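Novice: model the structure of this input:
(chains A and B)
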Amino acid sequence: MHTKIFRTISMLILLMVMFVSLLGCAPAATEAPKPAEPTKPAEPTKAPEKPAEPTKAAEQPAAKPFEGVELTLASMTDQYVTAFRYLIPIFKQETGIDITLDELGYVDLYQKLTADFVGKTAQYDLMTVDIVWSGEYAKNQYTLPLDDFMARDKDQLQLDDIMPVSWTLGEWEGKHWAYPLAGYANVLNYRKDVLEEAGIKPPATQEELLEAAKKLTKPDGSMYGIALLGAKGPAVAQDYMAWVQQHGGSILDKDGKVAINTPQNVEILKFFGELFKYAPPGATDYWWDQRETAFRDGQVAMMEGWSIARAGYENPEISKIVGKVDITVAPVSKGMEPKYGFGGWGIGINAASDPKKQEAAWEFIKWLTSPEIQKEWIRHDGAPIRRSTLEDPELNKEYPWFPVLLKSFEKGDGDYRPRIPEYSIIQDALGTYVNAYLVGQETAESALEKAQAQVEANMK
Amino acid sequence: MNKSIALSIRRFFIEDGAYLVMLAPLLIFVVLVAIYPLLFSFRISLFEYRLTDPNQTQTFVGLQNFVRAFSDQVVISSLKTTLVYVAGTVSLELLLGLGLALLLGAETQIARVIRSFLLMPMALPPLVVGLVWKALYNADFGVIPYYLKLAGFNVGRGPLAELNLAMPAVILIDVWQWTPLLMVIFLAGLKSLPTEPYEAAIVDGASRWQSFFYITLPLLKPTFLIALLLRTMQSFKVFDTIYATTGGGPGSQTTVLNFHIYTVGMTFFQMGYAAALANILLVVVAILSILYIMVLERQQL
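Specialist: Just a heads-up that it's a prediction; the model follows:
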C-alpha cells in the first residue's frame, strides 16, 4: 500500500518536472521568426540606377573625431533597409564610424529592443522606432531625448525643412525621443486600365470608393474591387484604424481616454465590413504581404496602403502590373475636412549607450537626414521626411507620384493610431474583435464593446 | 567474505551518503532548469510586475492574478479551445499512429521506404510547417482551395479564416506533423511484444481480430500511456503552429491558452499575470496526467 502511494507521488513529481521542462521550451519558441511583417514586404524595389558618389566632404582630409567608433543599428526589414545597406559603407568612408546593421522583422525587433532597454545592455546604439512606439519609449525613457543635440546643432539641421507631420515620428509631449527617418503616407493605389475600362473616376470620397469597389468586382472572381487587411492581429487593427481616421472617427475621446465603442466607430466598422464584400474572399486572412501579392498579381483594382510600396509596382520582377498603377490621396468621408493617415519610422539612440557612442550615433542621424544624403536615401528605397526632398525636381521626374505624397504629408495625421504608451493593448483588442466581426463571430456593436472592455481590463 | 564486501559497498553508498554526491549533478541540473523557474514563476504570479517598467517595481498582490484569471472571459474560452484542440489532435494521432504502425510493421522493403518518408514532417520546425500550411490554405493563392474549387466546393474565406473550419484546419496540421512520431512509438511497442501469447492464441483457434483485441491492445497499454501522455502535454502547450497560421483567429476561434499567455506576457508584458496563467496551465496538465495514470494503472491491476 505504502509503495503504491510512494509510487504515485514520485510519478507525480516526475511528471511535473517533465512538463515544466517541456513547457520551458515555449518562451524560446516565441523568439523564433515571425510569420509576416506588419509593414509591407521587404522585397527590394528597384530604384533608378544612379551610382551615388561620396559627398564632397569626404575629399578633404577633415578631422575624423569619431574614427574607429563602432555602433550597432537595429533596423526593421522595411524597404528602407536597402538604403541602409547602401549608405552605411559611405558613412564609414567619410567619418570612420563603423555601423553594424542588424535587420529584424517587426515582432522580433520590438521584443529584442524591449529586452535590450529593460536590461540596459546597450546592445543596440541606434534603432528604428515605429511611430506608434513613441509614447511607450518616452514614458519608459528607453531612448535618449534628442533635444540637447538638436539645440546645439540647429544651424546644420535645417529643421524648418522637415515636414511638420514628420515630427510625429518620435516626438512625445514636447520632447524628441526619435528623429524622423522615413515618412509613409496612406494613399490609394488603383489600376488605371481597369478603372478606365469600367468608366470610373478615381474615387475622391469614401462613398465613391465603396461604389467603385462594388462596380469593379466581377462575379466570376477574376477581379475584386479592393484589397484590405483582415487577418487577426495588428493587420486588421491598423486597417480599421485607418478607416476610422478616414471617416473622421477616433479611438480616443477628447480627454485622451480610450473610447472604442462609440456609435460612430460602430458605423465605421459596418462600412469597413461592407468593403470586405468586394475584397478577395481570403482577405479576412490577409497580412500586409498577402494584400500586396493580391494587388501586384492583378486580381484587385484598388488598394490603400503605405506610399513606400509604390516604387515596387514598377518592378517587373515582383509585379505583374507595371505601368498600370497610379496613386491618389486616400479618400475621406464626404464633406470631411481632408486629413491623411501618416505613419513610418523614426530613428532613436539608446539611452543606455556610452556617451561617446551616442555622439557618434547623432553624427549618423545628422548625416543621414541631411538634404543631399536624403536624395540617395530615396533612390535606394528610403522614404521622405523633408519638403525639399518632396519638391526636388529631379526626384519628381524619377518618382512622378511625389506631388500626391506632398499633399498627403501637408495634411498628414500621425496620431490616428494613438501613439500612447498602451498602444499595443488597443491594437491587440481591435485585432481580435474587428476580425471576429468580419468573420461573423460578433456583431459590430458587441465586437467594439468587447474590445473596449478588454482594453480597460488590461490598462489598469 | 562476499557478504562483507557487499555490506561495505552498501555502507559506502547508503550510510556514508555517497549516493548524494553521485546524484548531485543531476539534482543540480533539475533544480536549475525546472524547480527554480517553477518557483520563480510561482513567486512572480503573486506580484504585479510589468516587464517594461523602467523601475522594475514589483508590487505584491496576493492571489489577485489568479482571481482575475478566472473572471477573464478570454481565459475561460481559450481553455475550452485548448481542450478541443488537445482532444482532436491526440485522438486522431493515436488512431492513425496505431493504424500506420500495424500497416507498416512488416519488415518489407516498401514498408521501410514509406516509414522513412513518413518521418520527414517530424524533422521540420513547427513554425516552418505552419507557414507552409498557411500558404497551402490561402483562399486566393493556395493549392488546397484551388483543387477544392475545381471539385466544386465553396471554400469561402479559406479554411483558416472560416469560423467552423479553422479549428479542424489547424488540427490537421498537427496531425500531419506528429502522427509519424506516434507511429514510431507504436512500432517500438509492437516489436517488443512477446510472441508466445500469439502462438497460444493460434493453437486455441483465435481469429486475427480476436488476437488483436485480446492480446495486442492490452499488451500495448504501457506504450499507449507513454504516447498519450507525451502528445497530450505537447498538444497542451501548442503555440508555434497557431502563431504561424491563424494568430488565434478568426476572432478568437483558435486562441489556445498558451497563445493567450504569450499575448499577455510578450505583447502586454504583464509578467505577473502571465505567470499566473502559466501556473494554471501547469495545474490543468498535471491533473489530467494523474487521471490518465490512475485509469491505466487500475486497469492493469
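
Novice: drop to CA atoms for contacts and neighbour counts, all remaining ones
Specialist: OK.

Novice: near chain B, which residues of the stretch 301-450 of chain A are found?
Specialist: With C-alpha under 8 Å from any C-alpha of the partner chain as the criterion, the stretch 301-450 of chain A comes near chain B at residues A:424-425, A:432-437, A:439-441.

Novice: closest one of those to chain B?
Specialist: residue A:436 (3.5 Å; C-alpha to the nearest C-alpha).

Novice: can you pull the contacts of the closest residue to that closest one other than its chain neighbours?
Specialist: Nearest residue to residue A:436, sequence neighbours excluded (C-alpha to C-alpha, 6 or more residues apart in numbering or on different chains): residue B:251, at 3.5 Å. Listed by C-alpha atoms under 8 Å, 6 or more residues apart in numbering or on different chains, the contact partners of residue B:251 are A:232, A:432-437, A:439, A:441.

Novice: how does it look with 6 Å?
Specialist: Going by C-alpha atoms under 6 Å, 6 or more residues apart in numbering or on different chains, residue B:251 touches A:432-433, A:435-436.

Novice: now residue 200, what's its secondary structure?
Specialist: Since no chain was named, I'll use chain A. Of the three states, residue A:200 takes coil under DSSP: H, G, I helix; E, B strand; the rest coil.

Novice: the chain in question should be chain B.
Specialist: Per three-state DSSP, residue B:200 ends up helix.

Novice: what about it, how many neighbours?
Specialist: By other C-alpha atoms under 10 Å in any protein chain shown, 12 other residues sit near residue B:200.

Novice: ok, it to chain A distance?
Specialist: Applying C-alpha to the nearest C-alpha, to the nearest Å, the value for residue B:200 to chain A is 33 Å.

Novice: let me know the pLDDT of that residue.
Specialist: The per-residue pLDDT reported for residue B:200 equals 91.

Novice: with residue A:63 instead?
Specialist: Residue A:63 carries a pLDDT value of 68.

Novice: residue A:53 now?
Specialist: So residue A:53 comes in at 48 (pLDDT).

Novice: tell me the one of the contacts of residue B:251 nearest residue A:225?
Specialist: Minimum distance to residue A:225 across the contacts of residue B:251 is 19.8 Å, recorded for residue A:435 (C-alpha to C-alpha).

Novice: and the helix or strand containing that closest one, what does it pack onto?
Specialist: Counting by DSSP states H and E, the element that carries residue A:435 is helix A:423-438. Here helix A:423-438 touches helix A:234-246, helix A:444-459, going by 3 or more C-alpha pairs under 6 Å, 6 or more residues apart in numbering or on different chains; DSSP states H and E.

Novice: avg pLDDT for the last one?
Specialist: The one in question is helix A:444-459. Average pLDDT, helix A:444-459: 92.

Novice: now chain B, which segments are flagged as low pLDDT?
Specialist: For chain B, residues meeting the criterion pLDDT under 70 lie at B:1, B:299-301.

Novice: quick one: contacts for residue A:387?
Specialist: Taking C-alpha under 6 Å, 6+ apart, one finds A:161-163 in contact with residue A:387.

Novice: from those residues, keep the buried residues only.
Specialist: Buried members of those, scored by 16 or more other C-alpha atoms under 10 Å in any protein chain shown, are A:162-163.
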